[in-house]
Each structure stands twice: as C-alpha cells, then as structure tokens.
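> what's the 3D shape of this:
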Amino acid sequence: MTKIDKIVVVTMKTWLEGLIERFNTKSQAKFYIEHMGGSFEEYEDAHKQYYLSLEKLKKSIPLEYKFQIIEKSFLPNFLFGPNNLIVCIGQDRLVINTAKYLENQLIIAVNPDPKRFDGIMIPFSVEQFPKILQKVADGEFNSIKVTMAVAKLNNGQQLYGVNDLFIGHKSHGSARYTITFNNFTERQSSSGIIVSTGAGSTAWFRSVITGAIGIVYKFRKYSVQIDQATEDEYRFPWDANYIYFSVREPFVSKISSASIIFDTIYSDIDLTIESHMSENGVIFNDGIQSDFLEFNSGTIATISVAEKKANLVTNNSEW
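Next up is the predicted model:
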C-alpha cells in the first residue's frame, strides 16, 4: 500500500492563455494570429481539450482523497508534503519543471491531448488515470528513478536539470572559463557547455552527436560515409548513474585550449567550471532560459549527478 496524504495536480497554461497574457485580451490575440495567417481556432480547440481533460481528471479522483490544484508558475513557492502524490497534466516540460521541486514523491504524468502531444514522459491518458491511481494506492505499479544533473555554485545556489544544463554566455556567444575534469585543468573559450542526462539523451544530446559526426565527415572529406549514431548508441537509460558533458565550438588560441571536449560524469566524479565572464554568464536548465543562475567572474560551478531523482510512475517495467 502507498500512503497518500494528498493528491497535488500540477497544471500548465494553455497556448491560448499564453497568447492572452501577451496581448492582454483574447480579441487582440485573435487579431494577431489571424493577421499573421495562422488559425486561431487551433488555439481555441487545444484550450478546450485541455480543460475538458482536466475536468475529467478531477472528477475521477475518488472522494476519499484530498486534492489540490496548482499552476506551474507557483511551483517555486509550493511546499510539497512527503506523502503527496503528484499528478502532472500537460506536456513533457511540465513533468520536467515539477520534478526539480520534489524530494522522491511519486509523479503520475497524464497526457491531456494525445492528438497534439507525443508525450515521452507523459505515458498515461486521462482515461487510464483512475486505474493507475488505484495501482499506485495498492502499491502495484512500476516506476523509474530518473537521474538529474545538478550545478552547485560556490555562493550556495544550485540548479537541477532533468534533461540538461547549459553553462555559458547568455547570448550563446563566446564564454570564457576554466574547466577541470579528472585532475586535468585548462582555460577554454567556447559557445558553452551542455550537460545531458539519460532523459535528455534523445534531445539536445542527440543534436550534439549528430552535428559532430556530420561536420567531421564533411570536413575530412572521407571517401567512406560516416554513419550517424543510431538511437541505441546515443540514447542511454533514464536511471543511469552517469551523465555526459559536451563543449560546443571550442576555440583554440594562445590562452585557450580544447582538450577537455566530451566525457562522462559518473556519480563519483565532478566537473568544475570557473567563470571568467564579467557579465551575462548563465547556467540554465532544460531549455528554460528564464530560469537561470548568474555565472560571472569569480563564480565556480560544480556539476555532478544529483543525489535526488525524479520518481516517475511508468506503464512498463523498462524505460
């Protein structure tokens, strides 16, 4: 049996709500979209479907459970209880955002709109929710402990990444820093460092590998085709005890080198980066550039496999 004190349903703003926030009114948002040649009906339909799914999910929660609904923007200030069951209804990014604020609480991720969202991290439909909720309550469920990366700064701040972390310049331009890994240190200038987890291995990490292989093949003018990495090669388990780091576009000069470019960070190894950027140095997570730590001169970041993990309920035993 699983002890559930309360069910916390985490929601997101729809595309339509985002437009209304941007343009102040629905009519102004509609004018903008239609003026640009888009279909405002698509935004309305997606909005309607999301709230139909949310209402259906709420009605399917048995009366014996207390539940509370919070919107994603309130996550940083919300206090989760140790026996809360977290239900995310939205896209993959909602699960990623929520996981960073939890301490091992179970997450059931629900896809409110399977026609629009593929949902790698949202395996359950609204119709499946009552059944999986009962299985969780009975303790008869599968889950996976999703590995996260963490950046800890020498000023006490820290930032978790479920998919990835980016360390570099805010503009993605030249970032200057000293990097230390496996007892080797060098100064570098690059367009940033990407740290990838297993959950992010099919995202930014895949793009890095794809680009690197393509560039090497064309630049070296190999007569034999270099095959792109297959999914079996670039994808690694969500619960792996390691993460990867990749340096983007390293520049070699009299004061910068490029020997530490790509490697594996295991749970007993740290990557250390000291910033030499006077301003606009940042560390952000999971592609969310608005959620960042300042990483300017004098700041030292220690990048490692996080001790805590996201505890995601799955619909199968192997992910």
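> How about V252, nearest residue that isn't a chain neighbour?
A258 (5.0 Å; CB to CB, 6 or more residues apart in numbering). Every residue, glycine included, has its C-beta placed from N, CA and C.
> tell me what the longest helix anywhere in the chain is packed against?
Longest helix in the chain by number of residues, with DSSP state H as the criterion: helix 40-59. Contact analysis of helix 40-59 by 3 or more CB pairs under 8 Å, 6 or more residues apart in numbering; DSSP states H and E lists strand 6-11, helix 15-23, helix 26-35, strand 84-89 as its packing neighbours.
> Can you mark which positions in it are buried?
For helix 40-59, a neighbour-count test (16 or more other CB atoms under 10 Å) marks F40, Y43, A46, H47, Q49, Y50, S53, L54, K56, L57 as buried.
> Over to stretch 159-171?
L159, Y160, G161, V162, N163, D164, L165, F166, I167, G168, H169, K170.
> do stretch 194-210 as well
Result for stretch 194-210 [16+ other CB under 10 Å]: buried residues 194-206, 208-209.
> tell me how far the ends of that stretch are from each other?
The first residue of stretch 194-210 is 14 Å away from its last residue (CA to CA, to the nearest Å).
> do stretch 81-90 as well
22 Å.
> Quick check: the two most widely separated of the buried residues of stretch 159-171?
The distance between the two most remote of the buried residues of stretch 159-171 (CB to CB) is 23.0 Å, for V162 and H169.
> Next step: the buried residues of stretch 194-210 restricted to strands.
Those of those mapping onto strands are I194, V195, S196, per DSSP state E.
> picking up where we left off before, and the residue nearest to V252, which of the three is it?
Of the three states, A258 takes coil under DSSP: H, G, I helix; E, B strand; the rest coil.
> Thought F251 was touching it, still the case?
Yes: using CB atoms under 8 Å, A258 is in contact with F251, at 7.4 Å.
> quick one: V126 from A99, how far?
Going from V126 to A99 by CB to CB, to the nearest Å gives 21 Å.
> Same drill for these two, tell me which one is more crowded.
Using other CB atoms under 10 Å, the more surrounded residue of V126 and A99 is A99, with 25 against 19.
> Once you drop chain neighbours, what's closest to the more buried one?
Nearest-residue entry for A99: A310, 3.6 Å, with adjacent residues in sequence omitted and distances by CB to CB, 6+ apart.
> All the strands of the stretch 51-200 of the chain, residue numbers only.
Assigned by DSSP state E, counting those that start in this stretch, the strands in the stretch 51-200 of the chain fall at 67-71, 84-89, 106-111, 124-125, 142-153, 158-161, 164-169, 175-181, 184-190, 193-196.
> between those, which one is nearest to E17?
So among those, strand 67-71 is nearest, using CB to CB, at 9.6 Å.
> so what's S256 closest to, chain neighbours aside?
Leaving aside its sequence neighbours, S256 sits nearest to S189 (CB to CB, 6+ apart; 4.2 Å).
> who are the neighbours of the longest strand along the chain, in terms of helices and strands?
With secondary structure taken from DSSP E, the chain has its longest strand at strand 300-314. The contact analysis (3+ CB pairs under 8 Å, 6+ apart) places strand 300-314 against helix 92-99, strand 106-111, strand 142-153, strand 164-169, strand 242-247, strand 262-266, strand 271-275.
> any idea of the mean pLDDT in the first one?
Think helix 92-99. Average pLDDT, helix 92-99: 91.
> contacting residues around it?
10-12, 72, 75, 86, 88, 107, 109, 117, 119-122, 146, 148, 160, 162-163, 199, 286, 288, 310, 312 (CB atoms under 8 Å, 6 or more residues apart in numbering).
> which of the residues you listed count as buried?
So, of these, 10-12, 72, 75, 86, 88, 107, 109, 119, 121-122, 146, 148, 160, 162-163, 199, 286, 310, 312 end up buried under the neighbour-count rule (16+ other CB under 10 Å).
> Return the set of residues that bridge with I89.
V110 (DSSP bridges).
> give me every residue that touches it.
Counting by CB under 8 Å, 6+ apart, I89 has contacts V9, V10, T11, M12, S53, L54, L57, V110, P112, V126.
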